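Participant: Give me a model of this one.
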Amino acid sequence: MHFHPPSIDPGIIALVWALALGTFIYFGLLAVGTTGAFAIVIAMVSTAGIWLFVRTRGNSA
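Facilitator: Residues are numbered from 1 along each chain as shown. Reported below is the predicted structural model:
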């Protein structure tokens, strides 16, 4: 018997990518010395943009 991994909705994959890259941006901004408030705002806006981009342009093949 051959098992296949479960199918995952493209929106969930886009969310995983967005959260991972948004977290990377947040800690990167903190590492270069920006304030926490500025870092969280930029990270949240970036996360939303990344999610939208991956959701609309991503290929789930």
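
Participant: quick one: Asp9 and Gly49, what's the gap?
Facilitator: According to C-beta to C-beta, to the nearest Å, Asp9 stands 20 Å off from Gly49. In short, each C-beta sits where N, CA and C put it, glycine included.

Participant: Same question for Leu15.
Facilitator: Counting by C-beta to C-beta - Leu15 and Gly49 are separated by 13 Å.

Participant: returning to that earlier point: between Asp9 and Gly49, who's got more neighbours?
Facilitator: It is Gly49, of Asp9 and Gly49, that has more neighbours when counted by other C-beta atoms under 10 Å, with 13 against 9.

Participant: Can you tell me what sits against the helix or strand encompassing that one?
Facilitator: Per DSSP states H and E: Gly49 is located in helix 36-57. Here helix 36-57 makes contact (C-beta atoms under 8 Å, 6 or more residues apart in numbering) with 10-11, 13-15, 17-19, 21-23, 25-26, 29-30, 34.

Participant: What's the local residue count around Leu29?
Facilitator: For Leu29, using other C-beta under 10 Å, the count is 19.

Participant: for it, what are its contacts?
Facilitator: Residues near Leu29 by C-beta under 8 Å, 6+ apart: Phe38, Ala39, Ile42, Ala43.

Participant: Go again with 6 Å.
Facilitator: When contacts are counted by C-beta atoms under 6 Å, 6 or more residues apart in numbering, Leu29 is found next to Ala39.

Participant: any idea how far it lies from Ala48?
Facilitator: Leu29 is 16 Å from Ala48, where distance means C-beta to C-beta.

Participant: do Gly28 as well
Facilitator: 17 Å.

Participant: what's the answer for Ala20, then?
Facilitator: Taken as C-beta to C-beta, the span from Ala20 to Ala48 is 14 Å.

Participant: For this protein, which residues score under the pLDDT cut-off?
Facilitator: For the chain, the stretches with pLDDT under 70 are 60-61.
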